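In: One predicted model, sequence on top.
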Amino acid sequence: STGPDWWKSAVVYQIYPRSFQDSNGDGIGDLPGIRQRLDHLERLGVDVVWLSPIYRSPQADNGYDISDYQDIDPVFGTLDDFDALLADLHARGMKLVMDLVVNHTSDEHPWFVESRSSVDSPKRDWYWWRPARDGRDPGTPGAEPNNWESFFSGPAWQLDEATGEYYLHLFDRKQADLNWENPEVREAVYAMMRWWLDRGVDGFRMDVINLISKVPSLPDAEPLPGRALANGAPYYTSGPRLHEFLQEMHREVFAGRDGLLTVGETPGVTPPEAVLFTDPARHEVDMVFQFEHVGLDHGPVTKFRSRRLEPGELAANLTRWQDALAETGWNSLYLENHDQARSVTRFGDDRTDHGAHWRTSATALATMLHLQRGTPYVYQGQEIGMTNAPFALIEDFRDVESLNFYAADIESGSSPAEALLGLASMSRDNARTPVQWDGSENAGFTTGTPWIAVNPNADRITVAAQEDDPHSVLAYYRSLIALRHAHPVIADGSFERLDAGDDAIFAFERVLGDDRMLVVANLSSDERIPRFASTAFERWEDAEVLLTNLPGSEGAPDVAAPLAPWEAKVYSA
Ligand code: ISL
Ligand code: CA
């Protein structure tokens, strides 16, 4: 649809360029490679492409460490390649959203190079510089300005020998946090954003945007039990000036421009905060990525000591977000991205042998996600049911977070096997193996040596194998996306979870005027019997089945019938 809310009926596809398609045999995906695969996106039916960062970067965090916001990294191509991709997408009726990484820059960005050059640099205050605490010797253990731990293990501070002061990095030491208190920083970021919009891009996915405002005194946080370092999140998440900065950004960058999509990545966001970010009257962002549902299985100290969810936990959490943003605000709907394990492995059943539930669990999860109220995101490979990587050696991993965790975990006494077990379920590299296009060498991703290994199940799971199979995961995603475009109730209808007498059954009704839709999904590997209240049962007695992930069950519109493992059904009335 058109209008200011066009993104309510849109589906976004995330490309992680490094792993999407290589065009020149260097083993790394690139912009010309993306251009070769646009037929796939068009057939899938997505409306928007979100590109993970392709800017000039030392690639310490695969492009989330930017050294030039207004150029393309040579590994991905050139600005001409970029313009050509943008034109191709627009010609096919798709929009392009860029990744905006402005909580931090690379330590190789000219701003930081200038800032670190002396305490008197005019850009000194563009970053967070502090002396060692309490007059201690810089560089000695515990002399860091505060006790915050970085997201990627170790202290969030790096000593710079040139001036003997430390700079703050919430992520890798090559990702220095910008000081948003400084108006020159904000001006420079806004100017850069306008430059991309003037070039024709259609919006931004804003990396960790709820971390840009820090409590300026940067106080020590409550230490973690038995550890020297602490979680500083209370002092840098949703900081005192966050909403002011977002509203200023909106005025300076977005006001007066139409057809854009903005989505804030907001780890730790609560439902009431999400309402504030996405209330259209406040002019901040269109939607945010919340993290509760992808944190349910994390361990108490580290995400790498994870557990398998009980049936019902995922649905209960997602319902909480549907209810919280029912009146005001808007949800982003996602199970995967480049930071998360593959959803069919994590929440479904990824075994592909005969009688297993790989196909049905991938499609059941897709059904319950896409038909909620919100804008769905498909992460590359999710549409063919790609699974976690079976990496068993530390040499297989590439991600800085994984490598740092492994080293720190072993130093704190874990065995290599224990540390590898943590990586197996939760490493970000699970989502970063190359897209499995076809049965040729390296799954058609590259003619060279891929930067990270192709999943060996590329002999079973590929785009080519599913392309013309009407019962494939891919075909099902196409149907779901087409359903959204055809039925306004999916974008605009109300959401109400129905009690099916069993937590493993996620059943919900969508209503828009006279249009009603019922979604029933068995999110477990056992047969389950729905027991609806008689009023609900009567409403749906004679309904028509619009879509099912079990071929052959279309003709049995009985909402009380037992549900096979991972069976999902969509009814309309
Ligand atoms: O995966 C995580 C670490 O366990 C998340 O906390 C992740 O770091 C967080 O969601 C922020 O992610 C974003 O910013 C990071 C970058 O590494 C991620 O790839 C990006 O999505 C720093 O720019
Ligand atoms: Ca390449």
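Out: Structure received. Ligands and ions are numbered 1, 2, ... in the order given.
In: so where's the protein shaky on pLDDT?
Out: Counting by pLDDT under 70, the low-confidence segments of the chain come to 1-2, 554-557.
In: Buried residues, the longest helix along it. List them.
Out: Secondary structure of the chain per DSSP state H: the longest helix is helix 183-199. Neighbour-count burial for helix 183-199 flags 185, 186, 188, 189, 190, 192, 193, 196, 197 (criterion: 16 or more other C-beta atoms under 10 Å). To be clear about C-beta, it is placed using only N, CA and C from the backbone, and glycine gets the same treatment.
In: any idea which of the residues you listed is the one closest to residue 438?
Out: Using C-beta to C-beta, residue 196 comes nearest to residue 438 of the buried residues of helix 183-199, at 33.5 Å.
In: So that closest one is in contact with residue 97, correct?
Out: No: counting by C-beta atoms under 8 Å, residue 196 sits too far from residue 97 to count as a contact (10.2 Å).
In: anything in contact with each of these two?
Out: Residues touching both residue 196 and residue 97 (C-beta atoms under 8 Å, 6 or more residues apart in numbering): residue 204.
In: Tell me how far the closest residue to ligand 1 within the stretch 51-200 of the chain lies from residue 151.
Out: Here the residue of the stretch 51-200 of the chain nearest ligand 1 is residue 64; by C-beta to the nearest ligand atom that distance is 3.4 Å. Residue 64 sits 11 Å away from residue 151, going by C-beta to C-beta, to the nearest Å.
In: three-state assignment of the residue nearest the centre of the chain?
Out: With distances taken as C-alpha atoms, centre = their mean, residue 337 lies nearest the centre of the chain, 3.7 Å away. Following DSSP: H, G, I helix; E, B strand; the rest coil, the label given to residue 337 is coil.
In: which other residues reach stretch 296-310?
Out: 224, 295, 313-314, 317, 346-347, 405, 409, 419, 422-423, 425-426.
In: list the contacts for the residue located most distally from the centre of the chain?
Out: Computed with C-alpha atoms, centre = their mean, the maximum C-alpha offset from the centroid of the chain is found at residue 135, amounting to 41.5 Å. Residue 135 makes contact with no residue, according to C-beta under 8 Å, 6+ apart.
In: Indicate each strand paired with the helix or strand following the longest helix of the chain and its parallel or antiparallel sense.
Out: The helix or strand immediately downstream of helix 183-199 is strand 203-206, counting by DSSP states H and E. Sheet pairing for strand 203-206, assigned by DSSP bridges, gives strand 95-100 (parallel), strand 261-265 (parallel).
In: tell me how far strand 203-206 is from the chain's mean position?
Out: 12 Å (C-alpha atoms, centre = their mean, to the nearest Å).
In: close to ligand 1, is that strand?
Out: No: using C-beta under 6 Å from any ligand atom, strand 203-206 stays clear of ligand 1, coming no nearer than 8.8 Å.
In: go on, stretch 150-158?
Out: Yes: for stretch 150-158 and ligand 1, the contact criterion (C-beta under 6 Å from any ligand atom) is met by residue 151.
In: Mind jotting down where the helices sit in the stretch 301-450 of the chain?
Out: Here the stretch 301-450 of the chain has its helices, by DSSP state H, counting those that start in this stretch, at 313-324, 343-346, 358-370, 400-411, 416-426.
In: Distance to residue 22 and mean neighbour count added to these, as JSON lines?
Out: Formatted as JSON lines, the helices of the stretch 301-450 of the chain follow (distance: least, C-beta to C-beta, whole Å; neighbours: other C-beta atoms under 10 Å):
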{"stretch": "helix 313-324", "distance to residue 22": "34", "mean neighbour count": "18"}
{"stretch": "helix 343-346", "distance to residue 22": "25", "mean neighbour count": "25"}
{"stretch": "helix 358-370", "distance to residue 22": "26", "mean neighbour count": "26"}
{"stretch": "helix 400-411", "distance to residue 22": "21", "mean neighbour count": "18"}
{"stretch": "helix 416-426", "distance to residue 22": "25", "mean neighbour count": "18"}
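In: OK, contacts around residue 230?
Out: Residue 230 makes contacts with 147, 148, 149, 220, 221, 222, 223, 224, as judged by C-beta under 8 Å, 6+ apart.
In: Redo these as TSV? Include distance to ligand 1 and neighbour count.
Out: Formatted as TSV, those follow (distance: C-beta to the nearest ligand atom, whole Å; neighbours: other C-beta atoms under 10 Å):
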residue	distance to ligand 1	neighbour count
147	19	22
148	14	23
149	12	21
220	21	13
221	17	18
222	19	10
223	20	13
224	15	14
